[in-house]
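Student: Turn this into a structure:
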Amino acid sequence: MNAHLIFMQRLLLPFLVIILVSCRQKTQNAQDKTELIKQYNYRITVDEWNGFAGFRSTFILNNQCINPYDCSEHYPRGAKPLTLYKVSYKQIPDSQNNNRRIFSPKDTTETPLTKQQSDRLFILTKSFLKSVDFNNYDTARNGTITKPYVTDDSQVKVELSYGGRSLTAYVSSINNPTIGTTQLDTLLGFLYSFKQNK
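Tutor: I've put the predicted structure just below:
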């Protein structure tokens, strides 16, 4: 009887180790099977214009209707998800004031996007919005050296809407290195890299 008890005690420790390792392995397998599910129901709007040159383009990616149950009446009818829209404008005289010119939509083109391209646009937009920094220091000066200050009439407004929240950034004088950012240049370069289809 005593030998039988000793034998059982010796088996108990390896048995517990086997159970512990098996449970840990199952937990690890369950964690490996858990994957992130990407959401695409966001809207990105990039509006770029130069009043002096008479140029304006608006890029819109509206994935907020990507699931039929997400759609509601206030979204533009006919807007397709995973489609990049480019609205081109022309300047016309203001009917209320002959000395003033306003932008009027001239043409809308659309380009189908893959989910990877939509991801890329989301990441570039988010990166630009993070690069916009507000502080009360004179960033135009670096010690005694003054950075070049370029003034032009080029402007851009970028908006990202997702999950009931929106981030918007406005940049004037895009070519001014103290205001514009490399992230903005990359974002605009990506948008203009698409050949627009009607």
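
Student: worst-scoring helix or strand of the chain, pLDDT-wise?
Tutor: strand 145-146 (a mean of 60; mean pLDDT, DSSP states H and E).

Student: Let me know the next secondary structure element after that strand.
Tutor: Under the assignment DSSP states H and E, the closest C-terminal helix or strand after strand 145-146 is strand 154-162.

Student: Flag the shaky bits of the protein, pLDDT-wise.
Tutor: Within the chain, the ranges that satisfy pLDDT under 70 run 1-13, 16, 21, 23-34, 68-78, 138-151, 196-198.

Student: in it, which spans are helices?
Tutor: Secondary structure of the chain (DSSP state H): helices located at 2-33, 115-131, 182-192.

Student: which secondary structure elements does the last one contact?
Tutor: Spelled out, that is helix 182-192. On a contact count with 3 or more Cβ pairs under 8 Å, 6 or more residues apart in numbering; DSSP states H and E, helix 182-192 meets strand 42-50, helix 115-131, strand 154-162. All C-beta spots, glycine's among them, are computed from the backbone N, C-alpha and C.

Student: In it, which residues are buried?
Tutor: For helix 182-192, the neighbour count (16 or more other Cβ atoms under 10 Å) marks Gln183, Leu184, Leu187, Leu188, Phe190, Leu191 as buried.

Student: Tell me the spatial nearest neighbour of the fifth one, not counting adjacent residues.
Tutor: So that's Phe190. Computed as Cβ to Cβ, 6 or more residues apart in numbering, the closest residue to Phe190 that is not its neighbour in sequence is Leu124, at 5.6 Å.
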